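K.L.:
whatever this is, show me its structure:
(chains A and B)
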Amino acid sequence: MDLDISAEDRAFRDEVRAFIDKNLPSDTREKVRRGLKLSKEDHVNWHRILHANGWGAPGWPVEFGGPDWSPMQRHIFEEETGRNHCPRLMPFGLKMVGPVIQAFGSDEQKAQHLPKIASSEIQWCQGYSEPGAGSDLASLKTRAVRDGDTYIVNGQKTWTTAAHWADWIFCLVRTDDTVKKQEGISFLLIDMTTPGITVKPIVTMEGGHEVNEVFFDDVVVPVSNRVGAENKGWTIAKFLLGHERTSIAEIGRSKAQLEKLKEIAAAEQKNGAALADDPRFREKIARAEIDLMALEMTLLRVVSAESAGSVPGPEASLLKIRATELQQELGELLMEAIGYYSHPDTPEAREFGWNEPSVGPDYAASLSPGYFNLRKTSIYGGSNEVQRGIISKMVLGF
Amino acid sequence: MPFALTDEQKLLQESVDRFVERDYGFDIRTRQAGSEAGWSAETWARFAELGWLGVPFAESAGGYGGGPVEAGLIAEGLGKGLAVEPYLWTVVLGGGLLARAGRTDLLGDLIAGNLQLATGFAEPQARYALTDVATTAERSGGDFRLSGQKAVVFNAPSADRLIVPARTAGGQTEPGGITLFLLPADADGIALRAYRTMDDGRAAEVTLAKVRAGADEVLGDVDNGMALLEPAIDVATSVLCCEAAGVMEALVSQTREYIGTRKQFGVPLSRFQVLQHRMAEMFIHKEQTQSMAYMAVVRAAAGDGPEASRAASAAKAYAGEKGKSVGQEAIQMHGGMGMTREMPISAYFKRITMIGTLFGDADHHLDRFADLGAGAGAG
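P.N.:
A predicted model of the protein is given here:
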């Protein structure tokens, strides 16, 4: 047992770093580093730059246009892009509907959708949660009624991240309400330009717009847009739960946040010395760093097991819980570091290109909004309560 | 009997609760917070009419002879309704300083609702140290010239007068040599950069460039401003802890209501034991914060001194830590709904978060409590 990665993996890491260094647009890097607002173009543009280098679909096999990376290479890519202030690649196409189409889709669906996901020509969003179906996803009510070669879809999805940027949405819909709730669900691909779809923004507490409500009013969807068999959608939903979940550890991004925290703590003053030297604050930073280390080491064990051919199961839940708690912890310390300058709410200073002098230090404006926004991480993607339930059931056997 | 309220105190508490329930619904609060001033002059006039603006002041000064306990009861009630009116800044801290300095000539206006105050107790480099004052007041003939910057001065955009600590002697962090000045907010050389705060309040960076102040604009004694400022901040801290208890009560009751009605897996969320226990913890945090807050205002009412300071720091350290926990849990149990701006719970969460750093965060008050040594407590 050792902790070193192979010489090939080290060379790969250097290659990824060099690529980012050379190709990530400097304004995009600056926005991510400073926690400023990102546009759709920032995400898409970076994705296209990666695609031009053959890296547009990092987790995919070569037959679908992926680079066929090993689990360790995928981990290295995630970490380096996160750590070096690259925008997130939107996961809805690459990590969700893409793998679903690869595993369950028809040849036509593969040909129609996969190349455009890899190239970022088409953006996707995920139609899972509903007002009455959050943690209890299987109780969803959006109905798809068969009418010849089409389904007529009616209902509402909510918390739909990036629906306002998306061209297509993949949805879980109810196709049979006479059977057990998990058994009457199907998986549909729906073009967002279809008449009858309305997207309404949801403003989150810090003033951001990431999530939306999506309404379906007699939306006509060809039956050929169904993935897998009718009423077998729940199998697909479960498949996604275990797929590519190691990336949720967000190790690279948390490392970047920790670095930022240390920089800010060095710049902030407490009793005439740097805040970083204050015994209480020093201990908190050390604790966060150790939490990060524990998460990284666990992740590496999972990646290692994956390399040996095992499919991650409940470990994904562990990673999701601890990763989101760590992100929240770092966000909290960043806000705490700036003292009274956590109070001013200056949304204009969170826009790139705003050139007025800042209120307080220039790193302050995005930190409280960041703290507030990060509360979502223990709620979304299967709340941390649901994840703990999975561990109790799958590992502990309760 | 410890903690027993007098009949007058009970009536006061009921009148605040009634006002919040009947006349300060969340939609009204949202509208007032969104207005240009960020609070309502009409509501302020109601406060005056109800006598709340005069409650903490001596009868000889035109007040109703109450003190920190009464102010705390009002703040607790206003906390339940998440009121945006600047009671803490104008009445408790600003008015408290005027009363301590014997400026009863101004309290009449304040009690009538015609005077708004703001106090520049923080500077950009000072973090939470009141004695770190780089703003200078240089003598010039019989006058002073003030220069420097005050950070995040709450209620400054609405203030008629600003209370400004400035250094007249001593090194930058020495407790001695600080003098308090009471300046018209529109004095020559004062510049405000106003903004909203995260919890829908209003504040400003205040820059002073050779602002002239006469000897009659000194509050209290020259070089001895800390003798007024520190105990006044202790009182305000204790009253703020009462507000925190009110905010926490609302967080607990709204979350209880939500998980009692929101169904998942065919049953209300409140049927899950893990959530029941977490809500029990929230309840305990709220109760104990209230106990600590009441202790602090009672100590404050008994007079200035290390016991009052230590009680204020204990209550604030406690409220800071437990308030954070209760706020985070309230959002978590509301799920996605808790993340939305539309839902009241997120506004309460933001307020309890910001209370966490007002007058110093938990770390600051833990240190101060330890520095002040043994002495205060239940006995």
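K.L.:
would you enumerate the residues in contact with the closest residue to chain B within the stretch 201-350 of chain A?
P.N.:
Nearest residue of the stretch 201-350 of chain A to chain B: residue A:205, at 3.7 Å (C-beta to the nearest C-beta). Glycine gets a C-beta too; all of them are placed from N, C-alpha and C. Remark: with contacts taken as C-beta atoms under 8 Å, 6 or more residues apart in numbering or on different chains, residue A:205 is in contact with A:372, A:373, A:375, B:339, B:340, B:341, B:346, B:347, B:349, B:350.
K.L.:
do that again at 6 Å, thanks
P.N.:
The contact partners of residue A:205, taken as C-beta atoms under 6 Å, 6 or more residues apart in numbering or on different chains, are A:372, B:341, B:346.
K.L.:
got the domain boundaries for chain B?
P.N.:
Domain assignment for chain B, taken from automatic domain parsing, gives B:7-115, B:119-224, B:227-371.
K.L.:
right, I mislabeled it, should have said chain A
P.N.:
Taken from automatic domain parsing, chain A resolves into A:7-89, A:124-234, A:244-394.
K.L.:
could I get the domains of chain B as TSV with distance to residue A:44?
P.N.:
Formatted as TSV, those follow (distance: least, C-beta to C-beta, whole Å):
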stretch	distance to residue A:44
domain B:7-115	34
domain B:119-224	31
domain B:227-371	25
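K.L.:
what's the most buried one of these?
P.N.:
Among the domains of chain B, the stretch with the highest mean neighbour count (mean count of other C-beta atoms under 10 Å in any protein chain shown) is domain B:227-371, at a mean of 21.
K.L.:
now mean pLDDT and distance to chain A too, for the domains of chain B, in TSV please.
P.N.:
Putting the domains of chain B into TSV (pLDDT from 0 to 100; distance: least, C-beta to the nearest C-beta, whole Å) gives the following:
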stretch	mean pLDDT	distance to chain A
domain B:7-115	97	11
domain B:119-224	97	4
domain B:227-371	97	4
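K.L.:
and the ones you listed: which comes nearest residue A:141?
P.N.:
domain B:227-371 (12.8 Å; C-beta to C-beta).
K.L.:
mind listing what the closest residue to residue A:217 other than its chain neighbours touches?
P.N.:
Nearest residue to residue A:217 in three dimensions, chain neighbours excluded: residue A:196, at 4.4 Å (C-beta to C-beta, 6 or more residues apart in numbering or on different chains). Neighbour list for residue A:196: A:217, A:218, A:219 [criterion: C-beta under 6 Å, 6+ apart].
K.L.:
repeat the analysis, applying 8 Å as the threshold.
P.N.:
A:153, A:216, A:217, A:218, A:219, A:220.
K.L.:
distance of it from residue A:129?
P.N.:
20 Å (C-beta to C-beta, to the nearest Å).
K.L.:
name the element residue B:109 belongs to?
P.N.:
helix B:104-112 (DSSP states H and E).
K.L.:
for the helix or strand that that helix is followed by, name the packing helices and strands.
P.N.:
Remark: after helix B:104-112, the chain's next helix or strand is strand B:117-119, criterion DSSP H and E. Applying 3 or more C-beta pairs under 8 Å, 6 or more residues apart in numbering or on different chains; DSSP states H and E, we find strand B:117-119 packed against strand B:143-154, strand B:161-167.
K.L.:
how far out from the middle of the chain is strand B:117-119?
P.N.:
Centroid separation for strand B:117-119 versus its chain: 12 Å, with C-alpha atoms, centre = their mean, to the nearest Å.
K.L.:
how about stretch A:100-114?
P.N.:
The answer for stretch A:100-114 is 22 Å, by C-alpha atoms, centre = their mean.
K.L.:
give me the pLDDT for the residue in the stretch 1-150 of chain A that chain B sits nearest to.
P.N.:
Relative to chain B, the nearest point of the stretch 1-150 of chain A is residue A:136 (3.9 Å; C-beta to the nearest C-beta). Reading off the confidence values, residue A:136 has pLDDT 89.
K.L.:
how about residue A:232: what's its closest non-neighbour residue?
P.N.:
In space, residue A:232 is closest to residue A:186, 7.1 Å off (C-beta to C-beta, 6+ apart).
K.L.:
for the nearest residue to the residue of the stretch 1-150 of chain A closest to chain B once chain neighbours are set aside, what are its contacts?
P.N.:
With C-beta to C-beta, 6+ apart as the criterion, residue A:136 has its nearest non-adjacent residue at 3.9 Å, and that residue is residue B:264. Listed by C-beta under 8 Å, 6+ apart, the contact set of residue B:264 reads A:134, A:135, A:136, A:139.
K.L.:
buried members of the contacts of residue A:196 into PyMOL, please.
P.N.:
A single PyMOL command is used to select the members of the contacts of residue A:196 judged buried by 16 or more other C-beta atoms under 10 Å in any protein chain shown:
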select buried, chain A and resi 153+216+219
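K.L.:
and the contacts of residue A:196, which of them are in strands?
P.N.:
Judged by DSSP state E, the contacts of residue A:196 include A:153, A:216, A:217, A:218, A:219, A:220 as members of strands.
K.L.:
gap between the fourth one and residue A:185?
P.N.:
If I follow you right, that is residue A:218. 20 Å.
K.L.:
likewise residue B:237?
P.N.:
From residue B:237 to residue A:185 the distance is 55 Å (C-beta to C-beta).
K.L.:
could you pull out the strands for the stretch 151-300 of chain A?
P.N.:
A:168-174, A:185-191, A:197-203, A:209-222, A:226-227, A:269-270, A:273-274 (DSSP state E, counting those that start in this stretch).
K.L.:
so which of the contacts of residue A:205 belong to helices?
P.N.:
A:372, B:346 (DSSP state H).
K.L.:
for chain A, which helix is longest?
P.N.:
helix A:279-307.
K.L.:
immediately after that one, which helix or strand?
P.N.:
Heading C-terminal from helix A:279-307 (DSSP H and E), you reach helix A:315-337.
K.L.:
which elements pack onto that next one?
P.N.:
helix A:251-267, helix A:279-307, helix A:367-374, helix A:384-394.
K.L.:
mind redoing it with 10 Å?
P.N.:
helix A:251-267, helix A:279-307, helix A:367-374, helix A:384-394, helix B:306-334 (3 or more C-beta pairs under 10 Å, 6 or more residues apart in numbering or on different chains; DSSP states H and E).
K.L.:
so in chain A, where's the weakest helix or strand by average pLDDT?
P.N.:
helix A:233-241 (a mean of 88; mean pLDDT, DSSP states H and E).
K.L.:
list the buried residues in that helix.
P.N.:
A:233, A:234, A:236, A:237, A:240.
K.L.:
the second one against residue A:187, yeah?
P.N.:
To tie it back to what came earlier, the one meant is residue A:234. Yes - at 8.8 Å, residue A:234 and residue A:187 qualify as touching, with contact defined as C-beta atoms under 10 Å.
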